[in-house]
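Asks: build me a structure from this.
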Amino acid sequence: MSFTMFKSTFKISKMDCPSEETLIRMKLEGLSMIKSLVFDIENRKLTVFHSEESSEIENHLKELNLGSQLQETIVVQADEFKDNSSVQSKLLWTVLIINFAFFIIEITTGFISKSMGLVADSLDMLADALVYGLSLWAVGSTVFRKKKVAKLSGYFQLALALIGLIEVIRRFISFEAVPDFKTMIIVSILALIANSVCLYLLQKSKSEEAHMKATMIFTSNDIIINTGVIAAGVLVLLTQSKYPDLIIGAIVFLIVVRGAFRILKLGK
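Replies: Just a heads-up that it's a prediction; the model follows:
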């Protein structure tokens, strides 16, 4: 038996990555009229299925200052949407585990091989894992608890990235051995393969929801970074210089800093 439901479409002009999606989910959590959220980050749109007309949803979104604007609200039948959260959660858990595993692998091999590129890439993997972990936080946890975890994760990531940038600067101005290009290339190729598998699994799901599309974009960015570290390894081989590794390391550390500020935003 179906029942009447409302579908509201919002334009969120500043929603461009999973961090904003997590922020919105946290903000709307607890509103009992909401039955489903469908994110289209690529087009910066959010569709909300809810059981009753209410301006509460619109007000909550405007409080985030993400450029939220209600486009339309229409009446639909309950069977218009399907809850695929279980399947999506399994896929996102898989991506999270792979990202965290390669964080451990890359940060370990990065220190052993003296490659700041690998260390920086490992922190980018950690950043992804933190965002996915926050998105998949156990149902029933309080908003306060989620925000506290987000804030601690953001500060931890920011601290690591700043320490990394300081270490890059130190290595620029001091004498340092040339990093082991073989380890850089081999480990980055393995990380590239891992991220490619993640992207394949996500694309295989054929999900049209940008909640999943955003994860694909995130993973595609990781592939670009992996390729950059591989290129840096090749340049280290050709030039026998430490600078290609330090340059790619600095770039990735800055990306991680940007991600840390986005995670900190979740804790506000």
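
Asks: what about the nearest residue to Gln69 once chain neighbours are set aside, neighbour count?
Replies: Distances taken as CB to CB, 6 or more residues apart in numbering place Lys11 nearest to Gln69, at 4.7 Å, with adjacent residues excluded. The C-beta positions use only the backbone N, C-alpha and C, and glycine is treated the same way. A total of 14 residues lie near Lys11 under the criterion other CB atoms under 10 Å.

Asks: and Lys11, which of the three is it?
Replies: Secondary structure state of Lys11, per DSSP: H, G, I helix; E, B strand; the rest coil, is strand.

Asks: wait, it touches Lys45, no?
Replies: Yes: the pair formed by Lys11 and Lys45 meets the contact definition of CB atoms under 8 Å, at 6.0 Å.

Asks: joint contacts of the two?
Replies: Counting by CB atoms under 8 Å, 6 or more residues apart in numbering, the contacts common to Lys11 and Lys45 are Gln71.

Asks: how far away is the residue nearest to Gln69 from Ser68?
Replies: Separation of Lys11 from Ser68 (CB to CB, to the nearest Å): 7 Å.

Asks: and what of Phe172?
Replies: In terms of CB to CB, Phe172 sits 43 Å off from Ser68.

Asks: between these two, which one's more packed in?
Replies: Remark: of Phe172 and Ser68, Ser68 carries more neighbours, 21 against 14, as counted by other CB under 10 Å.

Asks: bridging residues for the more buried one?
Replies: Ile12 (DSSP bridges).

Asks: span of stretch 105-119 from start to end?
Replies: Length of stretch 105-119, first residue to last, CA to CA, to the nearest Å: 10 Å.

Asks: check which residues of it are buried.
Replies: Buried positions in stretch 105-119, judged by neighbour count with 16 or more other CB atoms under 10 Å: Ile105, Glu106, Ile107, Thr109, Gly110, Ser113, Lys114, Ser115, Met116, Gly117, Leu118, Val119.

Asks: from these, which land in strands?
Replies: Under the assignment DSSP state E, the buried residues of stretch 105-119 contribute nothing to strands.

Asks: now pLDDT and distance to Ser196 too, for these, in JSON lines please.
Replies: JSON lines is the format used below for the buried residues of stretch 105-119 (pLDDT from 0 to 100; distance: CB to CB, whole Å):
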{"residue": "Ile105", "pLDDT": "94", "distance to Ser196": "16"}
{"residue": "Glu106", "pLDDT": "92", "distance to Ser196": "16"}
{"residue": "Ile107", "pLDDT": "92", "distance to Ser196": "21"}
{"residue": "Thr109", "pLDDT": "94", "distance to Ser196": "19"}
{"residue": "Gly110", "pLDDT": "91", "distance to Ser196": "21"}
{"residue": "Ser113", "pLDDT": "91", "distance to Ser196": "22"}
{"residue": "Lys114", "pLDDT": "90", "distance to Ser196": "27"}
{"residue": "Ser115", "pLDDT": "90", "distance to Ser196": "21"}
{"residue": "Met116", "pLDDT": "89", "distance to Ser196": "24"}
{"residue": "Gly117", "pLDDT": "90", "distance to Ser196": "19"}
{"residue": "Leu118", "pLDDT": "91", "distance to Ser196": "18"}
{"residue": "Val119", "pLDDT": "88", "distance to Ser196": "22"}
